[in-house]
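Peer 1: fold the following for me, if possible:
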Amino acid sequence: MPLRAICLDLAGVLYQDPRLLPGAQDALQRLRATGLPLRFVTNTSQRNRSQILNDLASLNLAVDETELFTAPQAAHDYLTRHQLTPYCLFHPNLKEEFSDLEGKPPNAVLLGDAGRKFNYEHLDQAFRLLQDGAPLIAIGENRYYQLDDGLHLDAGPFVRALEYAADCRAIITGKPSPAFFEQVLADLGTRPEDTLMVGDDVHGDVEGALNSGMQACLVQTGKYRAGDEKTITGEFRLEADIRAVARTVTRLLE
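Peer 2: Numbering: from 1, shown residues only. Sure thing, here's the model as predicted:
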């Protein structure tokens, strides 16, 4: 298949916790040298957009603001379009990104990675709103994320808990939602089959991309665990890390 553009996850692909993964700078430069447009797509909901851009700059990863697509921003866009006021259960770092939607009694539940805010009181409040008919908007449904000390629970298990308790289905605004990938593809102006998604999450990144008709590549860094590639169906690449991805892409374009 032809390759016209590349989408890259951030955590687990270019950096971790945040420190550069080996060869990430050189690999990114090599990918840019191909002339293919790049987009950086992340479900991260513990850092706001400005913090992510600052993190990238501090690591000497040259990413333009227009190239960054975040699941929290997609959630904000969804809430705005549907004129919803959210009860926010997410990390404090995201508060400023949603401050313009506050001020009215909540008629929706917005769930991100809330960390220690995932307690009975907050989950019960969310449940009660859902029981009254409020929609559940989830920034993502990742099961876990990787830090230097190992894996940690992400928002996905709490999304499922609220879905079960309130007998509802969450609207996912980030990966693996087809709507999220469609937004990125529209910005790129490329067809799904001509666009490669590279990530360390076999479900959110790879399976989500495949379900959207994109090419996909799973890297064996970040949250990857041996055997992940056997848990989904479909054709996709498996590479050791972003350096191997850059080498493969360069070879394919020669």
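
Peer 1: give me the helix or strand of this structure that scores worst on average pLDDT.
Peer 2: Within the chain, no helix or strand scores below strand 144-147, which has a mean of 89 by mean pLDDT, DSSP states H and E.

Peer 1: give the next helix or strand downstream of that one.
Peer 2: For strand 144-147, the following helix or strand on the C-terminal side (DSSP states H and E) is strand 150-153.

Peer 1: quick one: contacts of that following strand?
Peer 2: The contact list for strand 150-153 (C-beta atoms under 8 Å, 6 or more residues apart in numbering) reads Arg143, Tyr144, Tyr145, Gln146, Lys223. (C-beta placed from N, C-alpha, C; glycine too.)

Peer 1: hmm, back to that, sheet partners, orientation included, of the least confident helix or strand of the chain?
Peer 2: strand 150-153 (antiparallel) (DSSP bridges).

Peer 1: and the strand it pairs with, what's buried?
Peer 2: The neighbour-count check on strand 150-153 (16 or more other C-beta atoms under 10 Å) flags nothing as buried.

Peer 1: how far does it sit from the chain's center?
Peer 2: Distance of strand 150-153 from its chain centroid, counting by C-alpha atoms, centre = their mean, to the nearest Å, is 16 Å.

Peer 1: excluding covalently adjacent residues, which one is nearest to Ala166?
Peer 2: Nearest non-adjacent residue to Ala166, counting by C-beta to C-beta, 6 or more residues apart in numbering: Leu130, 3.7 Å away.
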